[in-house]
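1. 3D, please:
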Amino acid sequence: MPHRDPSGRARVAVFGPVRAWSPDGDEVVGLTRPTRSLLAGLVLEPDLQDRRLVSRQVWPDSEPSRALTNLRASLSRLRQALGPASIVTSPQGVSLSRDSVEADFWEFRRLARLAALKSNGPERLNLLQRGLAVASRSIAIDLEDEWLEPHRADWMNRRREALMELAEASRQARRLEDALRWAKAALELDPLDEPALALNLKILGESGLRERAARLGREAAKRHRDEINRPLPRSILDLLAEIRLGRLSRPPASDPLFAREGEHRLLAELAAAGLEREPYLVLRLAGQPIPAGMARLEDHLSLLEQVLDRTIGASEARIQAARRASGVAAALSRFERCRHWGRFVLESAPEESQTHCAMLAGLGFAAFENGEAEEAVELLSRGATLAQRHGWTEEERIARGNLASVQLHLLRLEGVLESYESALQELGPAPGLPGRSAISMNIGLYHLVRGDAEDCLAWAARALESAPESPAGLWSGWARALEALALAALDRIPEGLDRISEAVRLGYATGAVRLIETSLDHAATLLCRAGALRPGLWVRQAVAEERRRSARPHTPLEVELMRRIGGPIPPAEERDAAATNRLRGESLDLVLDFALQELRAARQPHA
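-> Numbers count the residues shown, from 1 in each chain. As a prediction, this is how the structure comes out:
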């Protein structure tokens, strides 16, 4: 119970149940529910309030005249309890006197205003902690009045923001135990809040608590399915993949540059102003390599296209930005956007330039991934010839490597292995190169289609070892999918189920459509081989329908591997699955979610 206020003021608390104390420090007892509701309203809306509005708010079911009579009686009761000067009345309305009454809500708002005036630092954090201590419980938990809901929502948002800021500050200072405590409290306020979930996972990952992070991810996935019938956001799945692969490190001790949410908004406004006044300066900046953009491909493509759309002409800066946009769109399997910007580059860059040559190779492989094999061969052959004519070793290696990949998927195997081995030799031993990882996977596919699953598994492991970290999980996802298929060919089904589960999650996290479709195809194969025939066929049929709808048919290589490793399916089972398939017409997100559930179930007998 509060002690007597030395200034002789009464006190009111609205955090938790509504309570009041007289100027002598004695708790006021016997307040009716309407009087407590009135008192809460006077605290939460401290400015002068119209009597009629207040009476209707507290006594909504009473006649207006009766509600005003009740208001006068309750105000009289409050004056008796809190002191004659506690209530201010006038013809305009009624309010609590700030001179005679102290309220926890007012103290909470005062501390919040003081914290807002401070920049990052111990003083601001101290004010936030003091505010959280004051407002540790929700508003008026003993009342069910509807008018209180906006105030409760505002309290929850303010409390969550303060908790998140404290957690992030503790994380940057490497006080990870404190950071986790604050972040957990923020998530408890709203378990579906994406930023709070992401921060909890990040702190757990940086603390080395991978199993706890995985458990939190599973709990969050179940909650999303049960409460909002949605899978986890891709940003969360991406983060879980990074944690699982051990790619999170402890944050630097110093404050990161432009890390606050307000700074992000200001930077966005600066960029928008720059586009209005100096669009070509922003164009030159946007066309530069952005390492962080590889982890946020959707955002990177959006940024590039906004800048390109606000500029005109064929300057070198615009050509390079368009080339980068085409590459990012290809990584996202957005072939139309890839082709749009790629054609601009081909039309704008000199035909005998390296930029033109590199764009031919990039567009060629993108065309192949979109199921346009003849166009792919034509573009790649042009690129390889141009590179050879000028002695551009890197461009020739890429074009010929991509051409070998097309030939492999068309099952034209002559000379393919020699092309890959030559390309690997030219690359050298440097790890973390997309080209090295991709070539290793293609050599693995070559061995698999030739019937040597053991060699395929070895090359998949090499691909995983040399997989670059950005985009997060993309190359690892492809390598895991290949591992899973090789393990299925070797009849090592439990291991294959583990690998393909990871590949599916990584596909979901990256948003790369080709990886998603391929990992789901392999998941269907593993499910069928594990005895879950109907779920496997449902997934396979749903992916096939999506491929037909998007004009991305299976390549001859993919068809052959599904036939050979998946084994024969009785026609009656195919027809029955087609007749009952509840995944038909659903989005790939829902197919992914279903596949992950079925893979978990299939792994249980082998656990």
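
2. tell me where the stretch 51-200 of the chain has helices.
-> 51-58, 64-82, 104-117, 122-134, 149-172, 176-189, 194-206 (DSSP state H, counting those that start in this stretch).

3. any chance of TSV for those, columns distance to residue 517, mean neighbour count and mean pLDDT?
-> Every C-beta, even on glycine, is put in place using the N, C-alpha and C of the backbone. As requested, the helices of the stretch 51-200 of the chain are exported to TSV (distance: least, Cβ to Cβ, whole Å; neighbours: other Cβ atoms under 10 Å; pLDDT from 0 to 100):
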stretch	distance to residue 517	mean neighbour count	mean pLDDT
helix 51-58	56	19	86
helix 64-82	64	17	89
helix 104-117	48	16	81
helix 122-134	47	17	80
helix 149-172	36	18	85
helix 176-189	33	19	87
helix 194-206	26	22	90
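
4. in the stretch 251-400 of the chain, which ranges drop under the pLDDT threshold?
-> Where the stretch 251-400 of the chain drops to pLDDT under 70, the residues are 251-268, 271, 274-276, 278-297.

5. hmm, try it at 80
-> Along the stretch 251-400 of the chain, segments meeting pLDDT under 80 span 251-300, 310, 331-333, 365, 369-371, 373.

6. ok, which stretches of it are helices?
-> According to DSSP H, counting those that start in this stretch, the helices that the stretch 251-400 of the chain contains are 261-277, 279-286, 297-309, 316-331, 335-348, 354-369, 373-390, 393-409.

7. got CSV for those, with distance to residue 132 and mean neighbour count too?
-> Listed next are those as CSV, based on distance: least, Cβ to Cβ, whole Å; neighbours: other Cβ atoms under 10 Å:
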stretch, distance to residue 132, mean neighbour count
helix 261-277, 18, 12
helix 279-286, 40, 18
helix 297-309, 32, 18
helix 316-331, 41, 23
helix 335-348, 46, 19
helix 354-369, 51, 24
helix 373-390, 59, 19
helix 393-409, 55, 22
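
8. quick one: which of those helices is nearest residue 155?
-> Residue 155 lies closest to helix 261-277 among the helices of the stretch 251-400 of the chain, at 19.2 Å (Cβ to Cβ).

9. pLDDT wise, what is the most centrally placed residue in the chain at?
-> Centroid-nearest residue in the chain, with Cα atoms, centre = their mean: residue 235, separated by 1.6 Å. Listed pLDDT for residue 235 reads 81.

10. show me what contacts it?
-> Contacts for residue 235 (Cβ atoms under 8 Å, 6 or more residues apart in numbering) come out as 194, 198.

11. related to what we said a few turns ago, now distance to residue 337 too, for the helices of the stretch 51-200 of the chain, in a markdown table please.
-> Formatted as a markdown table, the helices of the stretch 51-200 of the chain follow (distance: least, Cβ to Cβ, whole Å):
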| stretch | distance to residue 337 |
| --- | --- |
| helix 51-58 | 53 |
| helix 64-82 | 62 |
| helix 104-117 | 42 |
| helix 122-134 | 43 |
| helix 149-172 | 35 |
| helix 176-189 | 36 |
| helix 194-206 | 26 |
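
12. so which of the ones you listed gets nearest residue 534?
-> Of these, the one closest to residue 534 (Cβ to Cβ) turns out to be helix 194-206, at 33.2 Å.

13. what's the angle between the following helix or strand past the closest one and helix 176-189?
-> Next along the chain after helix 194-206, taking DSSP states H and E as the criterion, comes helix 210-223. Interaxial angle of helix 210-223 relative to helix 176-189 (axes from the mean of the first three to the mean of the last three Cα atoms, to 10 degrees): 10 degrees.

14. show me how far helix 210-223 is from its chain's centre.
-> Computed by Cα atoms, centre = their mean, to the nearest Å, the separation of helix 210-223 from the middle of its chain amounts to 15 Å.

15. relative to helix 194-206, how tilted is it?
-> Using the same axes, to 10 degrees: helix 210-223 against helix 194-206 is 160 degrees.

16. tell me which strands and helices helix 210-223 is in contact with?
-> If you count contacts as 3 or more Cβ pairs under 8 Å, 6 or more residues apart in numbering; DSSP states H and E, helix 210-223 packs onto helix 194-206, helix 234-244.

17. who's in contact with residue 508?
-> 231, 234, 237, 516, 589, 592.

18. show me just the buried residues among those residues.
-> By neighbour count, with 16 or more other Cβ atoms under 10 Å, the contacts of residue 508 hold 231, 237, 516, 592 as buried.

19. so the third one: helix, strand or coil?
-> So the one you mean is residue 516. Here residue 516 takes the helix state, with states given by DSSP: H, G, I helix; E, B strand; the rest coil.

20. pretty sure it contacts residue 507?
-> Yes: using Cβ atoms under 8 Å, residue 516 makes contact with residue 507 at a distance of 4.1 Å.

21. okay, and the common contacts of these two?
-> Both residue 516 and residue 507 are in contact with residue 592, where contact means Cβ under 8 Å, 6+ apart.

22. buried residues in stretch 17-27, which are they?
-> By neighbour count on 16+ other Cβ under 10 Å, the buried set for stretch 17-27 is 18-23.

23. residue 78 and residue 12, how far apart?
-> Distance from residue 78 to residue 12, counting by Cβ to Cβ, to the nearest Å: 9 Å.

24. residues shared between the contacts of these two?
-> Going by Cβ under 8 Å, 6+ apart, residues that sit against residue 78 and also against residue 12 are 20, 39.

25. now what about the helix or strand residue 12 falls within, what contacts it?
-> According to DSSP H and E, residue 12 maps onto strand 10-13. Outside strand 10-13, the residues within contact range by Cβ under 8 Å, 6+ apart are 2, 5, 18-23, 39, 43, 81-83, 86, 96, 100-104.

26. at 10 Å instead, please
-> 1-5, 18-25, 27-28, 36, 39-40, 42-43, 78, 81-83, 85-86, 96-97, 100-106, 134, 137, 140 (Cβ atoms under 10 Å, 6 or more residues apart in numbering).

27. please apply the same query to stretch 417-425.
-> 396-398, 400-405, 407-408, 435-436, 438-440, 442-443, 446-447, 450, 459, 462.

28. change it to 8 Å
-> Contacts to stretch 417-425, defined as Cβ under 8 Å, 6+ apart, come from residues 397, 400-401, 403-404, 435-436, 439-440, 442-443, 446.
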